[in-house]
Every structure is written in structure tokens, then in C-alpha cells.
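Participant: Here you go, sequence then predicted model.
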Amino acid sequence: MNASRTINPQDSDGNGFSVRICTGSRLHFGLLDTVRPFGGVGVMLNTPSTEVVVSTAARFRCPDDYQDRIGPIAERIRQLNGAATLPSCCVEVLRTAPTHCGLGSGTQLALAVTESLCLYQALTVDQSTIANALASRGQRSVVGTHGYWQGGMIYEAGDGEAGDGEADEKAVGGNLNAVQEGVYLPEEWRVAVLRPLDHVFAVSGEQEREKFARLQPASEKVGHELRRLVIEEIMPAAKRGHFNAFANGTRIYNELSGRLFASVQGGSYNGEAVTQVIEWLSDRGVLGHGQSSWGPGVFAWFESQKAAVAGLASLPDNVELITLASVRNVPRSVQLLGRR
């Protein structure tokens with residue numbers, strides 16, 4: 001775990017030690033398959049961000065709203081460390097991305113909390129253990145997990161795919177799918193994340209497990225085409241900064257990947273409200289649109305801030321703009337504040 005060290009007595013209550021971690025959000029363009037090893041492609045965004053601070057306290061404390069998520073992480077770390085009690089510290093969640101919007105907020109929060117607690121206790125823990133054993137993430141796609149540590153766009157390989165990802169897999173341990181390729185996107189590109197206000201249900205937890213259990217694996221033909229789109233269209237366009245090719249390839253990939261879930265979400269997109277947002281974007285000539293994860297977050301790519309403002313003009317009253325973001329081409333940031 002690499003961390004920059006900054007001394008800031010005001011932030012560390014004058015005589016305490018604290019750890020501050022800030023990360024972004026994850027967009028997911030879709031899985032390569034509905035069964036292990038899944039695979040997929042997605043990208044990290046600068047906003048909405050998640051920020052966690054762990055600081056000295058008389059006993060272990062965390063916000064009541066996050067007790068059910070932070071408490072189990074702290075207990076797993078205690079067991080790993082062989083400690084008799086939880087650490088004497090306060091975990092603060094300063095901000096986080098909206099939940100159940102397709103932004104991967106649960107993964108980013110869990111990783112930030114886990115890593116900050118490990119750093120606070122000066123524990124040396126590899127990234128795979130942080131993700132799998134302690135944060136309890138990476139059960140399916142690990143785009144957001146790899147994105148937390150490296151930023152940019154992530155092509156997560158399935159089994160049997162070799163390449164540059166071997167070094168990345170070794171870096172995070174053998175329990176996570178490898179990164180087949182990572183690309184930093186142009187700083188001037190923008191992506192809007194929209195949400196239909198009349199979308200009332202979310203997919204997570206046991207409901208998500210039940211839906212996956214009902215899905216059929218991708219056919220060889222569909223699996224091959226999804227990989228071809230990533231390898232031959234999306235990634236090359238991203239590396240060369242060819243916006244139209246990237247946006248169009250992303251749209252086609254997302255729609256095709258979405259068909260794998262048609263039996264449990266009613267089509268390539270999760271419900272009528274999400275589909276209507278997609279259709280609105282298409283009618284306005286927005287090339288790079290799609291549903292992130294289960295939605296209801298809908299992404300739309302633009303070549304510049306100016307293009308985004310024009311493209312999002314006259315947004316329907318029943319659609320909310322969650323964020324207009326740039327790509328986060330850097331890992332999560334870590335600050336160690338004060339002295340132990």
C-alpha cells in the first residue's frame with residue numbers, strides 16, 4: 001500500500017494520528033459473461049467521491065448509518081490481527097457516492113474503510129486480502145476493485161486470457177481476475193450519469209444473487225463479440241483518443257452485454273424508466289450511452305465540457321443529473337496525518 005505522508009496538526013486533533021483516503025466512483029459498461037470468471041470493462045470517475053477518515057479515539061466508533069458495513073470490516077481486521085479488541089479509533093465517512101445507482105459506491109467505501117483501518121494500525125496486508133477477505137468485495141466483477149488502486153479504464157480479463165494483466169494480477173494476488181489492460185482516458189472527455197426519478201427499485205444483495213442464479217451463460221458467439229468489441233474497438237479508440245469510435249463501441253458493447261440480463265430485467269436495460277432515458281439520449285444524437293451495472297444510473301459520454309452542457313440541455317423533468325465528471329486517471333489518494 002503506497003501512501004503519501006502529509007503532516008497536518010489541525011486535521012489530526014493536534015496530538016493524534018489519522019488516515020484519510022479519497023476515491024472516486026466506478027462506471028461499469030457490462031460483463032463479458034453471467035458466470036465465473038465474469039470479466040468486464042469499466043472506468044473510474046472523479047465524482048461522486050468517497051472520503052473516509054480514521055482518527056484517534058478512546059474506543060472504536062463509526063457512524064450509526066454505516067455500522068452494518070463498517071463494523072464487520074473492523075471485526076474481520078481484528079481477527080486477522082489477533083487483537084483482543086477493536087482499535088481505539090473513530091471512522092468518519094465524510095462523503096460517499098449515492099447507493100444503488102450503478103456507481104459501485106459499496107465497493108469504494110468498503111475498500112477505503114478497510115485500507116484506512118489497516119494503515120491506522122500499521123498492518124501490512126496485500127491488496128487481494130484487503131479486497132476479498134477483509135472488505136468482502138470482488139465476488140463477481142473486480143473493475144471497481146482494480147480501479148480503486150490504479151484508476152482509469154479497466155478491462156478485466158477472464159480465465160485463459162493472458163497478456164499485460166499477469167503483472168497486475170500478481171500485484172493484487174491470485175484471487176482477483178487479472179487486469180487485461182488499463183487505459184487512461186483524455187482529461188477533457190466528460191461523462192454524465194443520469195437517473196430516472198421514477199425508478200423505484202434497486203438490485204443488490206440477495207436479490208442480485210437470485211437474479212444471477214436464473215441467468216444463462218453467454219453463448220460462444222456473444223462472448224467472442226463482446227471481447228472483440230473491447231479488444232478491437234473500445235480499448236484502441238481510448239488509447240488513441242478517438243472519441244466517436246470509443247463512444248460508439250461502448251454503446252454497442254453495453255447494449256449487447258445487457259442482453260445477457262434480458263430475462264431478469266426486461267431487455268438490455270433495467271426497466272422502462274431507464275430505457276426511456278437511453279432513448280432520450282439517442283434521439284439527441286449522444287453516441288456513448290448505456291446503463292451502468294444494474295442501473296438505474298445511465299451514462300452518457302461527451303468529448304468536452306462544452307459538448308456535455310449542450311447535450312444535456314432541456315433534461316426531462318423526471319431525470320436527475322447525478323454528476324458530470326471527468327475520468328479519474330489516478331489511484332485513490334492516501335494521506336497519513338500527524339504522528340502515531
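Facilitator: Everything's here; your move. This one's a predicted model, so the numbers in the text were calculated from it and none came from an experiment.
Participant: how about the helix or strand where residue 94 lies: buried residues?
Facilitator: In this structure, residue 94 sits in strand 89-95 according to DSSP states H and E. Under the neighbour-count criterion of 16 or more other Cβ atoms under 10 Å, strand 89-95 has 89, 90, 91, 92, 93 buried. Bear in mind the C-beta positions are built from the backbone N, C-alpha and C, glycine included.
Participant: repeat for stretch 320-333
Facilitator: Within stretch 320-333, the residues that count as buried by 16+ other Cβ under 10 Å are 320, 322, 323, 324, 325, 326, 327, 328, 329, 331, 332.
Participant: What pLDDT is listed against the last one?
Facilitator: Reading off the per-residue confidence, residue 332 sits at a pLDDT of 98.
Participant: Neighbours of the closest residue in space to residue 147 that isn't next to it in sequence, how many?
Facilitator: Distances taken as Cβ to Cβ, 6 or more residues apart in numbering put residue 44 closest to residue 147, at 4.1 Å, once the chain neighbours are dropped. Neighbourhood size, residue 44 [other Cβ atoms under 10 Å]: 29.
Participant: Residue 44 and residue 325 touch, don't they?
Facilitator: No. With contact defined as Cβ atoms under 8 Å, residue 44 does not count as touching residue 325 (9.6 Å).
Participant: one step back: enumerate every residue touching the residue nearest to residue 147.
Facilitator: Counting by Cβ atoms under 8 Å, 6 or more residues apart in numbering, residue 44 makes contact with 24-27, 144, 147-148, 151-154, 327-329.
Participant: Only alpha carbons, please: show the helix or strand that contains residue 80 as CSV.
Facilitator: Element membership for residue 80, per DSSP H and E: helix 67-81. The C-alpha trace of helix 67-81 is given here as CSV (Å, rounded to 0.1, in the frame of the first residue of the first chain):
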residue,chain,number,x,y,z
GLN,A,67,-22.4,0.4,11.4
ASP,A,68,-23.7,-2.6,9.5
ARG,A,69,-21.0,-2.1,6.8
ILE,A,70,-18.0,-0.8,8.9
GLY,A,71,-18.5,-2.9,11.9
PRO,A,72,-18.0,-6.3,10.2
ILE,A,73,-14.9,-5.0,8.4
ALA,A,74,-13.3,-3.8,11.7
GLU,A,75,-14.1,-7.2,13.2
ARG,A,76,-12.5,-9.1,10.4
ILE,A,77,-9.4,-7.0,10.7
ARG,A,78,-9.3,-7.6,14.4
GLN,A,79,-9.5,-11.4,13.8
LEU,A,80,-6.7,-11.2,11.2
ASN,A,81,-4.6,-9.1,13.5
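Participant: For this structure, name the helix or strand with the lowest mean pLDDT.
Facilitator: Lowest by mean pLDDT, DSSP states H and E among the helices and strands of the chain is strand 4-5, with a mean of 32.
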